Every structure is written in C-alpha cells, then in structure tokens.
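> model this:
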Amino acid sequence: MDRLLHLDRTLDELDPPCWAPPGSDATRLVRKVHELRQVPLGELWPADLRTLISQQIALSYVLPLAVRLLLDEPMLDAYFYEGDLLLAAVNVPASAWDLFPDLGTRLRTVITTLPDEAVASLPRGAAEELTRFVARPESLR
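Numbering: from 1, shown residues only. Predicted structure coming up:
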C-alpha cells in the first residue's frame, strides 16, 4: 500500500500523461473524471473513488484507497446505495488485483463475513458478483 504515500499528489501527476481538458461536447461523467484526476488522492471522497473505479481509471492508485475504506466499512454507501463502492471494487478486472494480492485476500475475508441481510439488501445479481470475486481461482489472486 505504499501508493498511499502519495496522498498529496493527483492522478494527473501519478498516472501520466496528464489528460487534456475535456471537449465542449463531453458528457457530465467525462468532465467529472477529468476533474477527479486533478484532485489530490487524499481529498477524494468515497463517491469519487467509486466513479474512478467504475470507469477503471488509475486503479493502481484508487483501488488501495477504496479497499482501505471497505475493510472498515464494507457496506459503505459511497453515492448510490449501501455497498456500491464494494461492488465497484469487486468488478474491476482480475488483473488489477495482481498488484495487491494481500488487499484482495483481506477484502475476500471481509466479504465472507458479511451478514446475509446485508448481501440480500444489495441490487439483484450483487450476491453472485461477490461470490465470483471470493471464488476466483488462485491463479487470479
């Protein structure tokens, strides 16, 4: 988790190249992601992390930040519903977890201890997504 040492730096600094400003016809989401790349990592909110993770932006920097939050509060309501940050994290490509096998293992442990009621409160299909993440073959961990 040594990437957490860079909390005062932005994704534009840490994940080159810097992105050009979005075009005038850019969607709200595109503009938001561009803005978030200019925010110091330590100032990103859970909703910001969920957005960046969902868009697969600089996962090597934002995924550890999200997991740090999720280990303490796995059902964190980042923006849309309880558990939305967790579902964003478990749905990143398996290759993103290769950089953080220990974090993946710790998150899997937390997921296996979630109460059934918490999992049942997630959107349809979420329980399967969590199960798939926990059961990934050892070669993908």
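
> what comes up buried for the helix ranked longest in the chain?
Selection of the longest helix in the chain by residue count, based on DSSP state H, yields helix 59-72. Within helix 59-72, the residues that qualify as buried are L59, Y61, V62, L63, P64, L65, A66, V67, L69, L70, counting by 16 or more other CB atoms under 10 Å. All C-beta atoms are positioned from the backbone trio N, CA, C, and that covers glycine.

> Packing partners of that helix?
helix 11-14, helix 46-54, helix 84-90, helix 94-97, helix 101-112 (3 or more CB pairs under 8 Å, 6 or more residues apart in numbering; DSSP states H and E).

> So which of these is nearest A26?
helix 46-54 (14.6 Å; CB to CB).

> For stretch 37-49, which residues meet the burial criterion?
Neighbour count says stretch 37-49 has R37, L41, L44, P46, A47, D48, L49 buried, by 16+ other CB under 10 Å.

> contacts for the longest helix of the chain?
Here helix 59-72 makes contact (CB atoms under 8 Å, 6 or more residues apart in numbering) with 1, 3-4, 6, 11, 14-15, 41, 44, 46, 49-50, 52-53, 76, 85-86, 88-89, 92, 96-97, 99-100, 103, 106-107, 110.

> Please check those and keep the buried ones.
3, 11, 15, 41, 44, 46, 49-50, 52-53, 76, 85-86, 88-89, 92, 96-97, 100, 103, 107, 110.

> For the nearest residue to V90 once chain neighbours are set aside, which three-state class applies?
The shortest distance from V90 to any non-neighbouring residue, by CB to CB, 6 or more residues apart in numbering, is to F133 (3.9 Å). Recorded secondary structure, F133: helix (DSSP: H, G, I helix; E, B strand; the rest coil).

> And the pLDDT for F133?
If you check F133, the pLDDT there is 97.

> contacting residues for it?
Contacts of F133 by CB under 8 Å, 6+ apart are V90, N91, L107, R108, I111.

> still on that earlier bit, now the helices and strands packed on helix 59-72 in JSON lines, with mean pLDDT?
Shown next, in JSON lines, are those (pLDDT from 0 to 100):
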{"stretch": "helix 11-14", "mean pLDDT": "96"}
{"stretch": "helix 46-54", "mean pLDDT": "98"}
{"stretch": "helix 84-90", "mean pLDDT": "98"}
{"stretch": "helix 94-97", "mean pLDDT": "94"}
{"stretch": "helix 101-112", "mean pLDDT": "96"}
